[in-house]
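Engineer: I would like to see how this sequence folds:
(one chain, ligands or ions: 1)
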Amino acid sequence: MFEKPAELKKLFEEKVNQAAASADVEQLRIEFLGKKGHVAELMQELRNVPNELKKEAGQKINEVKQFIEGAIAERIEEIKKLEEQKLIDSAESYDESMPINADLGSYHPITLVRREVESIFQSMGFTVEDYSEITDDYNCFEALNIPKHHPARDMQDTYYLSSNQLLKTHTSAAQNTILRKYKASLESGKPIRAIFPGRCFRNEKIDACHENTFFQMEGIMVDEEISISNLIYFMKTMLSEVFQRDITVRLRPGFFPFVEPGFELDISCLICGGKGCPSCKDSGWLELCPCGMIHPNVLTAAGIDPEKYTGFAFGLGMTRLAMMRYGVKDIRVFNSGNLKALSQFTEKSFTRPENESKEA
Ligand code: PHE
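Structural biologist: Reported below is the predicted structural model:
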């Protein structure tokens, strides 16, 4: 019995290194941690262990179980990163050898993507909201059902100012303000439909895929009887417009304290259309956007009655969208000030919304 946990660990280690796609890891999870998995089998065998040895044997099994859980989570992260990089690598890229068009100037690729997404949402009746980059603990966390010391805060360490304020870690920080702004019109029968693009900050180690300063686009819709179907419809329409092809979406469960239920939204692979190819590791899907139904506590914090109103929220990674859209392989390009790269994206790839005046 005592050798078995060690053997199991060895078997798992061999297998986990061979798992190349998310589906393989899921298979492993079932094989080892599932109800009828290897760990459960060991637990069953514990019955036959003499009483005085039970405690030690149980501990050993638990250690292996924790090890497997941790390794599976790590492997999923690794695969996710690899899949993301593959996709970016396979996108059509810009040409750094082009001369700098300094006389005319050019738009930043994030601006181009932001405007494009904005105009799509405006055509669906959404307002575009502005929100500051500096906010406070209440708006960034507490109003979003993330109390002090909640572990979800670990993922969103940020820059704190001596004034007790902080740089916002996600565009969700604007939810409370926007919900309050439109509460009265909601109660007079007008649904809230708003998007709020913005710059976000996190304490990140910077590499080709991670930046401490990046852009998101948040969207919310609140009314009576808003359901997950509304969420799926809006996301599908918007993403089909952005990528200019018919996009299929699917939802998987995901955890964010400010939504319930929460989801990760996947889109059918842009390269193979869902048939399966190396870019999507044969799964046919790409993870794109977290979303969910707004948690009742978040509505309550904004003075909106969750018994009467429901809504959805999503957080689109705009920097990532720009990388996919323009084949930018290194995220550091965006904040680099490198005109050789940044001036390659001109108005050619963008149609100005009709209601927007030409800027100087
Ligand atoms: N704010 C979340 C993040 O940045 C994303 C999110 C937005 C999730 C809206 C669900 C709903 O990680």
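
Engineer: neighbours around T169, how many?
Structural biologist: Other residues near T169 come to 21 when the count uses other C-beta atoms under 10 Å. Every residue, glycine included, has its C-beta placed from N, CA and C.

Engineer: Could you do Q18 as well?
Structural biologist: Per other C-beta under 10 Å, the neighbour tally for Q18 reads 8.

Engineer: repeat for K54
Structural biologist: K54: 14 neighbours (other C-beta under 10 Å).

Engineer: by contact count, what packs against the helix or strand hosting it?
Structural biologist: Taking DSSP states H and E as the criterion, K54 maps to helix 51-90. Other helices and strands packing on helix 51-90, by 3 or more C-beta pairs under 8 Å, 6 or more residues apart in numbering; DSSP states H and E, are helix 3-18, helix 22-33, helix 38-45, strand 285-294, helix 318-326.

Engineer: List the buried residues for the very next helix or strand once past it?
Structural biologist: As assigned by DSSP H and E, the chain's next helix or strand after helix 51-90 is helix 109-122. Across helix 109-122, burial judged by 16 or more other C-beta atoms under 10 Å covers 109-110, 112-122.

Engineer: same deal with stretch 316-332?
Structural biologist: 316-326, 328, 331.

Engineer: Also stretch 289-299?
Structural biologist: For stretch 289-299, by 16+ other C-beta under 10 Å, it's C289, P290, C291, G292, M293, I294, H295, P296, N297, V298, L299.

Engineer: Pick the one among the residues you listed closest to L8.
Structural biologist: Among those, P290 lies closest to L8 (C-beta to C-beta), at 33.8 Å.

Engineer: Which strand residues bridge that closest one?
Structural biologist: E264 (DSSP bridges).

Engineer: distance of it from S227?
Structural biologist: Applying C-beta to C-beta, to the nearest Å, the value for P290 to S227 is 18 Å.

Engineer: now do L299
Structural biologist: Taking C-beta to C-beta, one finds L299 at 15 Å from S227.

Engineer: M324 too?
Structural biologist: M324 is 29 Å from S227, where distance means C-beta to C-beta.

Engineer: next one: L251
Structural biologist: 13 Å.

Engineer: Who has more neighbours out of those two?
Structural biologist: L251 (17 against 12).

Engineer: circling back: buried sites along the helix holding K54?
Structural biologist: Buried residues in helix 51-90, defined by neighbour count with 16+ other C-beta under 10 Å: 57, 60-61, 64-65, 68, 71-72, 75, 79, 83-84, 86-88.

Engineer: Please work out how many residues are found near whichever residue of the stretch 51-200 of the chain sits closest to the ligand.
Structural biologist: Here the stretch 51-200 of the chain gets closest to the ligand at one residue, H170, 3.4 Å apart by C-beta to the nearest ligand atom. As a burial measure, H170 scores 24 neighbours (other C-beta under 10 Å).

Engineer: The residue in the stretch 201-350 of the chain that the ligand sits nearest to: what's it in contact with?
Structural biologist: Closest to the ligand within the stretch 201-350 of the chain is G315: 2.7 Å, counting by C-beta to the nearest ligand atom. With contact set as C-beta atoms under 8 Å, 6 or more residues apart in numbering, G315 has these partners: H170, T171, S172, Q216, M217, E218, C289, P290, C291.

Engineer: try T310
Structural biologist: V222, D223, E224, E225, I226, S227, M293, I294.

Engineer: Which one of these is nearest to N51?
Structural biologist: Closest to N51 out of the contacts of T310 is M293 (49.0 Å), distances taken as C-beta to C-beta.

Engineer: how much space between the closest one and S106?
Structural biologist: Distance, M293 to S106, by C-beta to C-beta: 40 Å.

Engineer: cool, and A71?
Structural biologist: Look at A71 and S106: by C-beta to C-beta, they are 46 Å apart.
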